[in-house]
Structure formats: C-alpha cells, structure tokens
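Asker: sequence? don't have it. structure:
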C-alpha cells in the first residue's frame, strides 16, 4: 500500500488532470442521462435561485409599466368623463330652451358665449355670432329666463354684448301688474334697481318687471327681474325699488339674439 | 472551508448568466465573467485548483445546455491550466502582461464558445467575441487596479 501512496503523492497532479479529462470525456460523449443529471444539478444550484430573483424583479418592472399605462388610461378616461359630463349639462340646458318661444314678430338666433369681461360681475360678453349671421348693433339678447342685454359691436364672426349689469345700460320697464313704468339700471352697491318709479305708484314685492318696448332697443314684454324690496323715502318723488335679475349673469352660456322677422 | 470561495465564484458566474449578462451588454458585447474568474484563479492559485475550477465553471456556464456541457467544461479547464503555465513560464508579474494574458485567454474562450455553439452567423459572433474580450479586459483591468493597490477607496475618496 505504501507504493500506491508514494505513487499518488509523486504524481498527484497528473491524477487530477487524468480525472478531469475522464470526466470531460464522459460529458463530451453526451450521455443523455449523465449530462441531463449534471445539467439539472448545476441549474438547480447555480441558476434557479437567480431565476427566481430575476422573475421577481421582472414582475416588478412589468407591474410598474402596467401601472404607468393604467394611470395614463385613467387620466384619459377622466378627461373623457369630464367632457361627457359637460355634454350632459349642455344637453340639459338645451333641452330646457327647446320649447322657448320668441316674442311675436321676432325669430331667435342661438349663440354661445365665448368670453365674458367685468371686474366684480360680468358686464359684457363676446358671442360666436357676427355680421355673417346678420347680427347688428342694438339687437336684444335673451335666454329662457329673461332679458340679458344688447349687441354693442359686431365683427364678421363675433359680437360683443352689453349686459344689463353694465351700469351704463338702461332698460325702459314697467311693472307687470300695474303697468306703471320706470327705468331699470344696475349699480355695484345696490344691484339691479327700478329707477324713476313714482312714489304714488303701485308696486309690491314679487311683482314681475318687464321691458316696456319704449326706446326702440328692447321689445316689450321681456322679463327683466322681480321686485325684491320697495322703500318709500319721505319727501322724495320716487321709490327705491331693488330687483332680483331674471337672469343669472354669472352662468350665461347659451343665449339667443332677437331678430325681427321680415314682413 | 477552502472550497467556499470557489463555490461563491460559481454562484457569481450563475448570477451573471441569469441576471447581469443582458443588463451589462453593450451592443451585443458581453462580459465573459466565467473566463475572467477562471483566469483570475489561475493567476493566483495552483494549476490543479485552476483546472478543477475551470471544469466546474464550464459546467455552470453551460448549465442549461446538456449537449455541450462537456465541451464547455473542457474549454474552461484547459484555459485555466494553459493560463497557469503561461504565467509560470513567462513569469508574468506586471499589470500589462496580466491584462494581455487575460485578453488573449478571454478571446480564445469566446472563439471556442463560438465553435461550440454554432447556431448564429459566425462573422457576427466573431465581432461579439472580439468586443466581448475587450469589454471583459476592461473589467479585468479595473479589478487588477484595485487588487494591485493602484486604485484604493482612500484615493477615490480624496478625489471628492
């Protein structure tokens, strides 16, 4: 046995190389069972744990990408939803004005408000109708609630409307019940008022104020507002009458231009 | 205990094959970490260790391909043994000669891999082999610069 030990210690290097060569020859011969087993062991020990790690991180990346695309889809859907909601509200408003009849002798030209201007309250608005739609200055503007104002300037595609809330705008008006007359105007401190209404006239809270048709700009019978308060100051010839406007000037969107029907 | 570092090297090769190889690929050129580690072992360890480690690294490298398992094991074992003898005969001590040995060894291994796995166009793979060898040598250079103390953590800190 000693000689074997001596042989091994002297040529131990060569034994290693012969053994490695033997193993590689076995593997090179490509025995399916041996190679399959060695491959399986190597994969299980040195590859599989990293497959799990890689799959985990790949999954995270995939989830992250999916999350990003879903977020984009969500934003798109919410924008679409908001547009649909806007269309629904517009539909409701248009349904409300569907049966709206103009005063006799007039026809209605529908228009949309493009922009409004004013410091504390809107006093003028630009609409999407102009001279090509046969719009001209001093045509009255209304909606289903009542009188809004009049056209003050016209270009080819647009027109500017002076609203009743403009302090320089005046409307000749009368009380719906008593038919007594006054002038409707707007000032910032009191809001809409009925001016020049005589103290001996008959007017009560809740009375409807209509345009009188005098002055030639506004046709008669258009609702301007309702009486809110009436004060009778001593030694004054006129009452102090405040009105609640028929139209909410902060929310005008669709409106109509009154056009005289050709005879 | 003495086998633990080699086992960790094999795990590193496995991890590189599965996770890092594609992530660190530059225009098709990949780091041949198996050849790099085998050459590194042959530069600092004995020929027996280099041969056995080369054999094991070849098996890990071709773990998923049982039909070429033997060829890969033979290629890396032979590379380890040859690198050890080149180092011993030429008495390579300088950084540049080690890098040259690395480059030639890795290029040879890449070409051997091409010959073993002839499932792609040879000219394309030749380009990959050369660029891969250069890429791996750059990694080896960084490794040697750290190992020889040319670059240290202290020096890097002093830059900032």
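Answerer: Looks like it came in fine. Quantities reported herein were computed from a predicted structural model and do not represent experimental measurements.
Asker: List the backbone torsions phi and psi for residue A:181.
Answerer: phi -110, psi 160 (degrees, to the nearest 10).
Asker: beta partners for the nearest residue to it once chain neighbours are set aside?
Answerer: Distances taken as C-beta to C-beta, 6 or more residues apart in numbering or on different chains put residue A:174 closest to residue A:181, at 4.6 Å, once the chain neighbours are dropped. Any C-beta I mention is one placed from the backbone N, CA and C, and that applies to glycine too. Assessed by DSSP bridges, residue A:174 has beta-bridge partners residue A:181, residue A:210.
Asker: For chain A, list the residues in contact with chain B, please.
Answerer: Counting by C-beta under 8 Å from any C-beta of the partner chain, chain A comes close to chain B at A:13, A:16-17, A:20, A:23-30, A:32, A:35-36, A:38-39, A:42-43, A:45-47, A:49-51, A:53-54.
Asker: again, only this time at 7 Å
Answerer: Contact residues (C-beta under 7 Å from any C-beta of the partner chain) of chain A with chain B: A:13, A:16-17, A:20, A:23-24, A:27-28, A:30, A:35-36, A:38-39, A:42-43, A:46-47, A:50-51, A:53-54.
Asker: that older thread, contacts only, for the residue nearest to residue A:181.
Answerer: Neighbouring residues of residue A:174 by C-beta atoms under 7 Å, 6 or more residues apart in numbering or on different chains: A:180-181, A:210, A:212.
Asker: How about residue A:153?
Answerer: Taking C-beta under 7 Å, 6+ apart, one finds A:137, A:159-160 in contact with residue A:153.
Asker: Buried members of these into PyMOL, please.
Answerer: Paste this into PyMOL to select the buried members of these, with burial taken from 16 or more other C-beta atoms under 10 Å in any protein chain shown:
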select buried, chain A and resi 159+160
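Asker: What about residue 85, how many residues nearby?
Answerer: Going with chain A. Residue crowding around residue A:85 was assessed by other C-beta atoms under 10 Å in any protein chain shown; the count is 10.
Asker: let's do chain B instead
Answerer: Residues near residue B:85, counting by other C-beta under 10 Å: 13.
Asker: Same question for the one 5 residues further on.
Answerer: Summarising burial for residue B:90: neighbours were counted as other C-beta under 10 Å, giving 11.
Asker: Now do the nearest residue to it once chain neighbours are set aside against residue B:80, distance only.
Answerer: Counting by C-beta to C-beta, 6+ apart, residue B:90 lies nearest to residue B:97, which is 7.2 Å off, once chain neighbours are set aside. Using C-beta to C-beta, to the nearest Å, residue B:97 is found at 18 Å from residue B:80.
Asker: more neighbours, the two?
Answerer: Ranked by neighbour count (other C-beta under 10 Å), residue B:97 and residue B:80 place residue B:80 first, with 32 against 14.
Asker: Quick check: that one vs chain A, distance?
Answerer: Distance, residue B:80 to chain A, by C-beta to the nearest C-beta, to the nearest Å: 10 Å.
Asker: where's that residue relative to residue B:14, distance?
Answerer: Residue B:80 is 18 Å from residue B:14, by C-beta to C-beta.
Asker: Stretch B:13-20 near chain A anywhere?
Answerer: Yes - counting by C-beta under 7 Å from any C-beta, chain A is contacted by stretch B:13-20 at B:14-15, B:17-19.
Asker: which residue ranges form the strands in the chain?
Answerer: In the absence of a named chain, this looks at chain A. Secondary structure of chain A, counting by DSSP state E: strands at A:106-117, A:124-127, A:140-143, A:146-154, A:159-163, A:171-175, A:181-187, A:191-195, A:208-211, A:223-231, A:240-245, A:254-260.
Asker: picking up where we left off before, list just the nearest of the contacts of residue A:153 to residue A:193.
Answerer: Checking these against residue A:193 with C-beta to C-beta, the nearest one is residue A:160 at 24.4 Å.
Asker: Which residues does the closest one form beta bridges with?
Answerer: Applying DSSP bridges, one finds that residue A:160 bridges with residue A:126, residue A:153.
Asker: That one against residue A:124, yeah?
Answerer: Yes - using C-beta atoms under 7 Å, residue A:160 is in contact with residue A:124, at 5.8 Å.
Asker: Could you double-check that residue B:95 lies in contact with residue B:143?
Answerer: No - between residue B:95 and residue B:143 there is no contact under C-beta under 7 Å: 10.8 Å.
Asker: Wait, residue B:76 touches residue B:57, no?
Answerer: Yes - Residue B:76 lies in contact with residue B:57 (C-beta under 7 Å); the separation is 5.0 Å.
Asker: what's the burial count for residue A:226?
Answerer: Residue A:226 sits with 17 neighbouring residues when counted by other C-beta under 10 Å.
Asker: and it, what does it touch?
Answerer: Taking C-beta under 7 Å, 6+ apart, one finds A:206-209, A:243-244 in contact with residue A:226.
Asker: Looking at those residues, which is nearest chain B?
Answerer: Checking the contacts of residue A:226 against chain B with C-beta to the nearest C-beta, the nearest one is residue A:244 at 72.4 Å.
Asker: pLDDT value on that closest one, please?
Answerer: At residue A:244, the model reports a pLDDT of 94.
Asker: what's the burial count for it?
Answerer: 13.
Asker: Confirm the residue nearest to residue B:90 sits in a helix?
Answerer: Yes - under DSSP: H, G, I helix; E, B strand; the rest coil, residue B:97 falls within a helix.
Asker: Tell me the residues on chain B that lie near chain A, please.
Answerer: By C-beta under 7 Å from any C-beta, the part of chain B that sits against chain A consists of B:10-11, B:14-15, B:17-19, B:48, B:51-52, B:55, B:59-60, B:63-64, B:66-67, B:69-71, B:73-74, B:77.
Asker: Give me the buried entries from the residues you listed.
Answerer: For the residues of chain B next to chain A, buried by 16+ other C-beta under 10 Å: B:10-11, B:14-15, B:17-18, B:48, B:51-52, B:55, B:59-60, B:63, B:66, B:69-71, B:73-74, B:77.
Asker: Of the residues you listed, which belong to helices?
Answerer: Cross-referencing those against helices under DSSP state H gives B:10-11, B:14-15, B:48, B:51-52, B:55, B:59-60, B:69-71, B:73-74, B:77.
Asker: Now the top helix by length along chain B: buried residues?
Answerer: The helix that spans the most residues within chain B, counting by DSSP H, is helix B:122-147. Neighbour-count burial for helix B:122-147 flags B:125, B:128-129, B:131-133, B:135-137, B:139-141, B:144 (criterion: 16+ other C-beta under 10 Å).
Asker: Which of those residues sits closest to residue B:91?
Answerer: Using C-beta to C-beta, residue B:144 comes nearest to residue B:91 of these, at 16.8 Å.
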